[in-house]
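Peer 1: the amino acid sequence is not available; the structure is as follows:
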């Protein structure tokens, strides 16, 4: 019973993440936008071959290393969750780590399986599907701002997915509440 909440959270995140990614992959073309709300919540389909912000390292060998590293990291995180539950750690910590686990696993699914599923690459070389785009502010900056005045500026430029959101939420929750949560370890 103590495993139920983290398991449900992981399943919820994985299902939501993968359903949206598969829908985007099968109903949109890369670079396409679908405006959800005004001009600040947009589905913008891109594929990320590397890590955060599309950074790549080491070509195909680097991609394989990154995928294998992700699998190893998720294995360690999974073990850590089980250990936290057995130690009866605070449920907030367990759920925060479960969010990180679910998000990492969601992106691993893309990297490992999307290449052969969608017919563009072998196992372990797939691309992570990103689509959530929130350009909250986009306009020219006032001329009086040093160095960048008059330049076009977009606030919140990154495009990400539900898995990335889960990882970020889990990390921030741990950072915000670390004293309370880690004092119980």
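Peer 2: Arrived safely, thanks for sending. All figures in this text were calculated on a predicted structure; none of them were measured in a lab.
Peer 1: pLDDT value on residue 184, please?
Peer 2: Looking at residue 184, its pLDDT reads 56.
Peer 1: any idea which strand is longest in the chain?
Peer 2: strand 41-48 (DSSP state E).
Peer 1: who are the packing partners of the helix or strand immediately after it in the chain?
Peer 2: Remark: after strand 41-48, the chain's next helix or strand is helix 59-86, criterion DSSP states H and E. When contacts are defined as 3 or more Cβ pairs under 8 Å, 6 or more residues apart in numbering; DSSP states H and E, helix 59-86 packs onto helix 91-117. The C-beta positions use only the backbone N, C-alpha and C, and glycine is treated the same way.
Peer 1: buried residues in the helix it packs on?
Peer 2: 93-112, 114-115 (16 or more other Cβ atoms under 10 Å).
Peer 1: tell me which helix or strand in this protein has the weakest average pLDDT.
Peer 2: helix 178-182 (a mean of 65; mean pLDDT, DSSP states H and E).
Peer 1: quick check: pLDDT value at the nearest residue to residue 110 once chain neighbours are set aside.
Peer 2: Nearest non-adjacent residue to residue 110, counting by Cβ to Cβ, 6 or more residues apart in numbering: residue 128, 4.4 Å away. If you check residue 128, the pLDDT there is 94.
Peer 1: can you tell me the SS state at the most far-flung residue of the chain relative to its centre?
Peer 2: In the chain, the residue that sits farthest from the middle, by Cα atoms, centre = their mean, is residue 144; the gap is 36.5 Å. Here residue 144 is recorded as coil under DSSP: H, G, I helix; E, B strand; the rest coil.
Peer 1: residues in contact with the residue nearest to the spatial centre of the chain?
Peer 2: What sits nearest the mean C-alpha location of the chain, by Cα atoms, centre = their mean, is residue 164, with 1.5 Å. Under the criterion of Cβ atoms under 8 Å, 6 or more residues apart in numbering, the neighbours of residue 164 are 103, 107, 130.
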